[in-house]
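Asker: what's the 3D shape of this:
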Amino acid sequence: MRIPTKTLACGVMTMAILAACNHQPDAQKTQSGLDRRDFQTVVNGDSTDLYVLRNANGMEACITNYGGRIVSLMVPDAKGEFRDVVQGFAHIDGYTAEPSSFGATMGRFANRIANGRFVLDGDTVQLDRNNGQHTIHGGGQGWRGQVFDANQPNDSTLVLAYTSPDGESGFPGEVTVRVTFAVNQRNELAINYEAETTEKTVINLTNHSFFNLGGDPAKTIMDHILYVNATQYTPLDSTLITTGEIEPVAGTPFDFTEPVPIATALARDSLNAHLRIASGIDHNFVLNTNGSIDQPAARLYAPSSGIAMEVYTTEPGMQVYTGNMLDGSRTGKEQVPYAKQTAICLETQHFPDAPNKPQWPTTVLEPGETYTSTCMYRFSVVR
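Answerer: Numbering: from 1, shown residues only. Sure thing, here's the model as predicted:
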């Protein structure tokens, strides 16, 4: 049968258009390869989504309002190629299937509280214990498992809001929090926290991103070179609770006052009791910055990519965690299992278990006061 020329031409044109469409970039896909639709669902009656922040340099931060999590963070390496420098999952199910800290906003109280209790105005507050006998990262109802309201006023800013009810995980007072993420033209990602309470309570917020500046989560961060602006740290007991002491880092594996590869630091004294307790570094450093956002709290550099990251904060402390409990059981983006020490966390914070350590900077928030905290990650390259 002979096909009319006009019909044939139309068919060829239609096929060409379809082929062209198939080669167009998916508007729902991010630079890091995430599909926004994979994050659009309902969790506990609230809608989740993925939000994309960009600057004119091509830097991209993808954040979900489930747990206020940084899912991916694309920054340029020394060759000008973009690499994803945080661990995470390509689908919301990776976060909801089981509890995790990947990229999350930690609240109402980041890190550990001993035995899940503290005394406030003479009354003992009993919390939800979700870390053996202790409470960690806000308990079982911590904010990493909550859905935040989201507002994106422009391409480079995202504001997340959440109201934590009185008694959530045992904490007193209804707390309203706003977390603002913003990227700028200096390749900085800033996180600003604000919170108010209806009753006297304690609060300590941080972000728990797992960084691998090499951009290859299949490789460890042992070659990363770390500087921490701290001459003291807070040692731990056998259950990973701070003892209440503050000790010098000099002569210990925790001395990062001069830049040193993480592998070198861990090899300094493999029999160090405090190192063995955590199977690596999982310790709070007492920063020398005096709350100044203008002084670097830490600097991390990956020779394999040339990517450097400086951390700035208004907080008095920073938890350095070398991914010691990653065991390959969680498979992340690009189907890569996250093995031990394939990432490092630099969590700006007040000191762990501060509500039980009156000699340390207070974490108490009173009605009528506003809690504020800022953390900023600045990215650059070393050629």
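Asker: quick one: residue 380 and residue 302 touch, right?
Answerer: No - if you go by C-beta atoms under 8 Å, residue 380 and residue 302 don't touch, sitting 11.9 Å apart. Quick note: C-beta positions are derived from backbone N, CA and C, even for glycine.
Asker: what is in contact with those two at once?
Answerer: Residues touching both residue 380 and residue 302 by C-beta atoms under 8 Å, 6 or more residues apart in numbering: residue 308.
Asker: Mind checking which of the two has more residues around it?
Answerer: Neighbour totals were compared for residue 380 and residue 302, and residue 302 leads with 25 against 17 (other C-beta atoms under 10 Å).
Asker: Who are the contact partners of the more buried one?
Answerer: Contact analysis of residue 302 by C-beta under 8 Å, 6+ apart lists 212, 213, 214, 215, 221, 223, 224, 225, 308.
Asker: quick one: the third one and residue 86, what's the gap?
Answerer: Taking C-beta to C-beta, to the nearest Å as the criterion, residue 214 is separated from residue 86 by 12 Å.
Asker: So which of these two has more stuff around it?
Answerer: residue 86 (28 against 22).
Asker: Which strand residues bridge that one?
Answerer: Residue 86 forms beta bridges with residue 211, as assigned by DSSP bridges.
Asker: List the backbone torsions phi and psi for the nearest residue to residue 340 once chain neighbours are set aside.
Answerer: Nearest in space to residue 340, with sequence neighbours left out and distances taken as C-beta to C-beta, 6 or more residues apart in numbering, is residue 326 at 5.2 Å. Backbone torsions for residue 326, taken as degrees, to the nearest 10, come to phi -70, psi 130.
Asker: where's residue 326 relative to residue 271, distance?
Answerer: As judged by C-beta to C-beta, residue 326 and residue 271 stand 23 Å apart.
Asker: which of the two has more neighbours?
Answerer: Shown here are residue 326 and residue 271; by other C-beta under 10 Å, residue 326 has more neighbours (20 against 6).
Asker: Tell me if I'm right that that one and residue 341 touch.
Answerer: Yes - the pair residue 326 / residue 341 is scored as a contact, 7.0 Å apart, by C-beta under 8 Å.
Asker: ok, residue 361 - contacts?
Answerer: Here residue 361 is in contact with 316, 350, 351, 354 (C-beta under 8 Å, 6+ apart).
Asker: can you check residue 96 too?
Answerer: 43, 66.
Asker: measure it to residue 246 for me?
Answerer: 39 Å.
Asker: neighbour-wise, which of the contacts of residue 361 leads?
Answerer: Neighbour max across the contacts of residue 361 (other C-beta under 10 Å) = residue 354, 26 neighbours.
Asker: and that residue, what is it in contact with?
Answerer: With C-beta under 8 Å, 6+ apart, residue 354 has these contacts: 202, 204, 360, 361, 362, 363.
Asker: likewise residue 312?
Answerer: 293, 294, 295, 296, 297, 374, 375, 376, 378.
Asker: Work out for me the element the fifth one sits within.
Answerer: Read it as residue 297. Assigned by DSSP states H and E, residue 297 falls within strand 296-302.
Asker: Dump the C-alpha coordinates for that strand into PDB.
Answerer: Taking C-alpha atoms only, strand 296-302 is exported to PDB below (Å, rounded to 0.1, in the frame of the first residue of the first chain):
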ATOM      1  CA  PRO A 296      36.300  29.900  60.800                       C
ATOM      2  CA  ALA A 297      35.400  27.100  63.200                       C
ATOM      3  CA  ALA A 298      36.800  24.400  60.900                       C
ATOM      4  CA  ARG A 299      38.200  23.900  57.400                       C
ATOM      5  CA  LEU A 300      38.000  20.600  55.500                       C
ATOM      6  CA  TYR A 301      39.800  19.900  52.200                       C
ATOM      7  CA  ALA A 302      39.700  16.900  49.800                       C
END
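Asker: Now the element after it, going C-ward?
Answerer: Assignment by DSSP H and E places the next element after strand 296-302 at strand 307-313.
Asker: what about the nearest residue to residue 164 once chain neighbours are set aside, distance to residue 210?
Answerer: Nearest residue to residue 164 in three dimensions, chain neighbours excluded: residue 175, at 4.4 Å (C-beta to C-beta, 6+ apart). Per C-beta to C-beta, residue 175 is found 26 Å from residue 210.
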